[in-house]
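*Asks:* Quick one, structure for this:
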Amino acid sequence: MVPSSSSSSIEEEAGTSAQSAHYLLSPLETLDESLIDSHEERIDLQDLIEAYNLLATRIKDILLKSSPSDQTAAPLTLLAERSQVLITALRRDVMRVMVNPFTIISKENEKREGMDLDKIHYARNLALLGQQAIRLTSELFAFPQLYSKMTVDQLRLLLHDILVILSEPSLPTPHSRRTFALLRWILQVQKLPFNVLSPHNSKIVACVRRSLAGEKEQVNVDGLKILAELLRNNPKLFLGPACDLLSDALKFLIAKSANLRSVAAHAVSAFAYAKVLQGLPYSHRQKVSYELSRTVRKFSIQYIEGEDPTQTPFLLNILQSSLKDSQLSFQSNDPQWAAVVIASFIVLIDVPLFNSTTLLKMKEILWQISDQPSATVRLLHTPVWKCFVWAFARIPADDEISRKVQTVISQDLRNGTGALLLHVMMNLNGKEMVTRILEVLTWMFDDKSSRQDGVVLLCHLLGSSGTPRSNADIIPILHEQLFDGKILDAHLADLMKHTATTGDPTVVRRIIRELSIQETIDHWERLHELWTDSVKYLMKNSMPDIQKPICTAWKKLLRADLESCQKQDQAAPSPKVAIILGRLCDEFAYKTSDAHMEVKQIQFLRMLWHVAQRLFSWSQLKETSNMLLTAIVRRDFQIGDMTVQAEWLKLSRIVAVDPASGEKGLADSSAFDSQTWVAVARIWTSIDDVPGDNLVTFLKLIFPERLATDEAIKLWGTLLRRIIADFRAQALTPESCIALWKTFATNDLTLALAFPKQFHALLSAFVMTSNTEPPEPVLLFLSNLLCSLYSPDHSLVISMQYIDTIRAIILSVSDTQLVSCISSLCNSLRCWMEDKSTIVPNTVYFQSIFPLYEDILRRLRQEKPNERTIGLLWKLFISPIERPVPSKDAIKAFEAFWLATYHGQNILFEPELVRYLKGLDMALGVGLAAGLTQSDDSQRTNDSLVPESSCLEPGHPTGSQILERHFDSFAQGDKNDNLEIVPSSSSPMHEPEHASTGLLSDDKDRDDGVKSDPVSPRESKRKRRKKVEEIVEETPPAISFVRVSSPETHVRRHSGTKSPMNGKGKDKAPAALEHLQTPVKRGPKANGGNASRSWIRESQLMTPGPSSPPSSHHGHGDQLEEEEEYGSWENAVVSPRSFAQISKEIDVDMGLPDVKMVERDRLDAHDDNDSILNSPSIHAAKRRKLSSITVGTTNVRASGRDRRRDRTTSSRILQLQQALEAFQDDKETPLEDLVKASKLVQEFGLTISEKLSVRTHTDRNIP
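*Replies:* Predicted coordinates for the structure are as follows:
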């Protein structure tokens, strides 16, 4: 053998890069030289074997390092240039396998010489060379990058040679079995184009048939693989010619060999794949499709349905056993094999499957797959089930079997199967197809596993896709991986990536068309039912991406109803839609304790209502909005949660308020405007079962700043009373009510004063609950607030509302709680009843305040008199009498109450009350203080000299009657600044002769008396209190006398005693006065010397009727009676407080008087200055001309004023000088008295200044 000229460079070329243009040059040159050296002188078989081996290795290296689309690699360019050399060499060397390596030798020589060893090596090399050439040919046929460098003719010739060899039953070369296997491998892996294969299709099919008929298993496997590849890669070319091979492939499905069964499944699935790719319809006229169906149907009857009912068909048994758990592993493919076989049978049998028993058997296998414990195995169910949808799509819509198939498929619509079914049905132009589509959706909603897909599909039917569907958007129904061998070759571990479904929303959006408006109108009720189910499913499951499509579907339904109403000339929305809108909350906001879920519900309701607002006007939705708002309030959302509350407020506002009239900026605000709050509150008041906690939160939302209108305040109070009533109905502890009170109010009165109307509603609700005692903190707060409201700066109307509320409390509270309740409110009631600042007009006073006083007295009359009640409330009882312009009705009411209750009772009374009652007795001439027992010891030591029964003597008018007749005179006297106290010790009180002229009328006199006085009530009070009322006492043993002088007179006092000035008496006498007084007994001379003085017993201050004169004790009573005839009591009227002051002074001076003081009184008995007792003020009755007209009294007083001043001035100054001297002589005056004296001097100076100012002003005004 001659070495090749290029053999020396082979090793150098082997080390070059795969990207080099000369990477394939060396083996190709060797093949080129071999074509010239026909006698194998330079290139022998071994050189060719090495050249083919090197060329195949380097081509494989190039393919691995370049992409499949890269056909311009430099080494491949050289291959195209030398393609003729390569094809020629391949054809020559491939055919060498058919050459007998031994020459024909005569039998003699053969017997003589035997087999030559070189010839044996030659035969082996010859077979090996052919196999190397076949190996290189398989690479050229398998890769487009390679065979694209050859011409079609070259490829056809080379393929022809391969098929010729395969047609031979045997080969002369050694290892022929291996050679045949390599030749079949070329057909398995070849990817030659159609134009190369088409001339040889019959030969190829013949080769496959011989392989399937072979006795060896490997030959059968190769034949099935070749058949599968031919059908998958060139279905149009090989499906028809290979149709008769299906029966052979089916028989291998029941082979004992698992390998044969697996390859047979490949071949059968390839037939189904080719049929689908060809789009062959099922018809008797379509021979291929019909023949395939008939063949598989015949096989299934025998091996799936079973001719013998007692035996399990063999194929069915294999299918069932392939799904057993014990045989499954990650390397197993038995479940895949069963799924591929079932899918292939469905496609190949086609429509006749639904009329056969095979369908039931196949469904059983699929249910087994669906029930597998392995989630990976269960993934195979949906791709196979979709094959039924493919078969259903091939049935005409009006065919009677169509509904049957629809029912079969609807048994499992999970994982996109339902979407594919609807896609198919939408493309079928049958009658009532929309109705059938809604039936499928109903089945999807009924099945929990397919409900989510149903929601998505419904939304797309109602237009949520947003884009119109084009006819080009057609999605293949079948799962391609079932038929292209990927699932069959995959292990369970890799199965998931081959089982992706087409039911995801993005795919459905492209395959489901939108229903038209007319279709929506025609099926509105059923579509709405499905939409309602969709919303309920959405509310209970997390589907954030579906909320917007649901609202779009809702909009489509409402628009359809609107257009329907417009076509029929009806009002929109229709009655059915109006009811649906009003029941949105009842329908979708189910009860839950999850606050996050409630937020989701509220937000969704707001979205739905917003859609309705955009389609309909507010007038069309007004009635519906009330229904919806009522449902929202009844739903009882947890508005105590701040997140829920914010969303709830937004929802309430958008439902309750017309967007056009609502306040700007509140659309998305979480603050409650008054209009929305009132609308919600109206509904809340109409609800019977009100949830307490939420209602409390609702009331807190607006209290008190935004509680502006009267209607809002009224609603607010009504709701709060309902809460309190519920609390008490539930028998909760008082602490619960107090805690509720603290929720709304604090002890700070500033806020309450800023919003008195709002707090009135709050307080009224807490205190106006029948038969229950208002909480003590509430009453105290009410009392403090009412006191603070007593000011001209606050509204009197609101204050009277508080008064009316208190009156209602008094009338409703139980008897056992009455005193406690009044006691808590006592301070505020006194403040308003006394009306010291006179801010309450008479009309208002007697309409609101005085009736409250009467109600209090009337209710307390029913109570048994006791020390606790009188001790707590006596100041309240006398408060209306303390008014600057006292009311005769108030005194009359108090007198009636006192006489009916505490008069004559053996009860210890407060000293101040006793003194006050004595003052009333002096003013009125009644016996209110008769028989009183004072809690102070000094009070109990004083005994009355006149029996108490004398106050009840008949024939004399009562004190209230006298005050009634002289009420107008009081006002006139106050005007003239001439109030005098001239009680008579020997004469009864006389009724004025002019009383019958109108002074007894009640209401008219009260009003006229106030209006006719040009001086305001406040000035009248101030003037009266500036009058000086002095009391001098000279008390013999066991007897106490009181001298009452006119307002212009002063009484001589011992130094160190304290004298009340300007009518400003103290509640208690100072202790310093008691030790300065000593008892002194007066003789007859002393008594006679004081005949000009007026004396009154203490008992007379307590007795309304006539009493014994002081002459019964002193012997000069007649003389006093003759010299001093006092005028009637109508000449001057004094307020009860002034008489109370007199009573206090009596108590102060009831101790023994000072000796020096008594002596001075005796010495000064005949002093000229003492002629003050003969002043006109005392004897006015003698100079007064009585008539039926009352104007004379004022004139008499005015005429005697100057004379009275002249006769009293020196006496007053003398008394002051004597008091000063006595005080200077006392060297041991206590520090306490000095302080009090200092204050008294200051007060005296102020009084003198004021009197000078008043008198100067009065004199200037006198004409």
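
*Asks:* Can you name the residues that contact residue 823?
*Replies:* 872-873 (C-beta atoms under 8 Å, 6 or more residues apart in numbering). Just so you know, the C-beta spots here come from the backbone N, C-alpha and C atoms, and that holds for glycine as well.

*Asks:* Now do residue 178 against residue 135, distance only.
*Replies:* Going from residue 178 to residue 135 by C-beta to C-beta, to the nearest Å gives 11 Å.

*Asks:* shared neighbours of these two, anything?
*Replies:* Counting by C-beta under 8 Å, 6+ apart, residue 178 and residue 135 have no common neighbour.

*Asks:* Show me which positions of whichever helix or strand residue 488 is part of end up buried.
*Replies:* Assessed by DSSP states H and E, residue 488 sits inside helix 486-489. Neighbour-count burial for helix 486-489, counted by 16 or more other C-beta atoms under 10 Å, picks out 486-488.

*Asks:* could the residues you listed go into JSON lines alongside distance to residue 361 and pLDDT?
*Replies:* Below are the buried residues of helix 486-489 laid out as JSON lines (distance: C-beta to C-beta, whole Å; pLDDT from 0 to 100):
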{"residue": "486", "distance to residue 361": "26", "pLDDT": "89"}
{"residue": "487", "distance to residue 361": "21", "pLDDT": "90"}
{"residue": "488", "distance to residue 361": "21", "pLDDT": "88"}
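
*Asks:* and of these, the nearest to residue 526?
*Replies:* residue 487 (38.7 Å; C-beta to C-beta).

*Asks:* Name all residues that make contact with that closest one.
*Replies:* If you count contacts by C-beta under 8 Å, 6+ apart, residue 487 has them with 336, 339-340, 380, 383, 481, 495, 498-499.

*Asks:* Kindly provide the distance from it to residue 378.
*Replies:* For residue 487, the distance to residue 378 - C-beta to C-beta - is 14 Å.

*Asks:* same question, residue 484
*Replies:* Distance, residue 484 to residue 378, by C-beta to C-beta: 22 Å.

*Asks:* What degree of burial does the closest residue to residue 615 other than its chain neighbours show, as a neighbour count?
*Replies:* Nearest non-adjacent residue to residue 615, counting by C-beta to C-beta, 6 or more residues apart in numbering: residue 558, 5.1 Å away. Around residue 558 there are 22 other residues, counting by other C-beta atoms under 10 Å.

*Asks:* and if you look at residue 826?
*Replies:* With other C-beta under 10 Å as criterion, residue 826 counts 16.

*Asks:* is it true that it touches residue 876?
*Replies:* Yes. Counting by C-beta atoms under 8 Å, residue 826 does reach residue 876; the two are 5.1 Å apart.

*Asks:* so where's the stretch 1-150 of the chain uncertain?
*Replies:* Confidence mapping of the stretch 1-150 of the chain against pLDDT under 70 gives the ranges 1-18, 67-73, 102-116.

*Asks:* hey, where'd the strands end up in this protein?
*Replies:* 908-909, 933-934, 1031-1032, 1041-1044, 1096-1097 (DSSP state E).

*Asks:* export the contacts of residue 487 to CSV and tack on pLDDT and distance to residue 216?
*Replies:* Output for those, formatted as CSV (pLDDT from 0 to 100; distance: C-beta to C-beta, whole Å):
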residue, pLDDT, distance to residue 216
336, 89, 26
339, 92, 29
340, 94, 25
380, 89, 33
383, 91, 35
481, 89, 31
495, 79, 32
498, 78, 32
499, 77, 35
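
*Asks:* Let me see the ranges of the helices in the stretch 151-300 of the chain.
*Replies:* 152-167, 176-189, 194-197, 201-212, 217-233, 235-238, 246-251, 258-278, 287-300 (DSSP state H, counting those that start in this stretch).

*Asks:* right, I mislabeled it, should have said the stretch 401-550 of the chain
*Replies:* For the stretch 401-550 of the chain, the helices defined by DSSP H, counting those that start in this stretch cover 417-426, 433-446, 451-461, 486-489, 505-511, 517-522, 524-540, 547-567.

*Asks:* Out of those, which is closest to residue 758?
*Replies:* From the helices of the stretch 401-550 of the chain, taking C-beta to C-beta, the stretch that ends up closest is helix 524-540, at 38.7 Å.

*Asks:* got the CA positions of that closest one in CSV?
*Replies:* In CSV, the C-alpha atoms belonging to helix 524-540 read as follows (Å, rounded to 0.1, in the frame of the first residue of the first chain):
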residue,chain,number,x,y,z
TRP,A,524,-80.0,39.1,31.3
GLU,A,525,-81.4,37.2,34.2
ARG,A,526,-79.2,34.1,33.8
LEU,A,527,-76.1,36.3,33.3
HIS,A,528,-76.9,38.3,36.4
GLU,A,529,-77.3,35.1,38.4
LEU,A,530,-73.9,33.9,37.3
TRP,A,531,-72.4,37.4,37.9
THR,A,532,-73.8,37.3,41.4
ASP,A,533,-72.2,33.9,42.1
SER,A,534,-69.0,35.4,40.7
VAL,A,535,-69.0,38.3,43.2
LYS,A,536,-69.7,36.0,46.1
TYR,A,537,-66.8,33.8,45.1
LEU,A,538,-64.6,36.9,44.8
MET,A,539,-65.7,38.1,48.3
LYS,A,540,-64.5,34.8,49.8
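
*Asks:* still on that earlier bit, so which of the helices of the stretch 401-550 of the chain is nearest residue 226?
*Replies:* With C-beta to C-beta as the measure, helix 486-489 is the member of the helices of the stretch 401-550 of the chain nearest residue 226 (16.4 Å).

*Asks:* how about that closest one as PDB, C-alpha atoms only?
*Replies:* Extracted C-alpha coordinates of helix 486-489, given in PDB (Å, rounded to 0.1, in the frame of the first residue of the first chain):
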ATOM      1  CA  LYS A 486     -42.400  14.500  24.600                       C
ATOM      2  CA  ILE A 487     -44.700  13.300  27.300                       C
ATOM      3  CA  LEU A 488     -44.200   9.700  26.400                       C
ATOM      4  CA  ASP A 489     -40.400  10.000  26.700                       C
END
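
*Asks:* going forward can the numbers begin at 767, since that is how I track them
*Replies:* Right, with 767 as the first residue, what we last looked at is helix 1252-1255.

*Asks:* picking that back up, mean pLDDT added to the helices of the stretch 917-1066 of the chain, as a markdown table?
*Replies:* Listed next are the helices of the stretch 917-1066 of the chain as a markdown table, based on pLDDT from 0 to 100:
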| stretch | mean pLDDT |
| --- | --- |
| helix 918-933 | 94 |
| helix 942-955 | 93 |
| helix 960-963 | 94 |
| helix 967-978 | 94 |
| helix 983-999 | 95 |
| helix 1001-1004 | 93 |
| helix 1012-1017 | 94 |
| helix 1024-1044 | 93 |
| helix 1053-1066 | 93 |
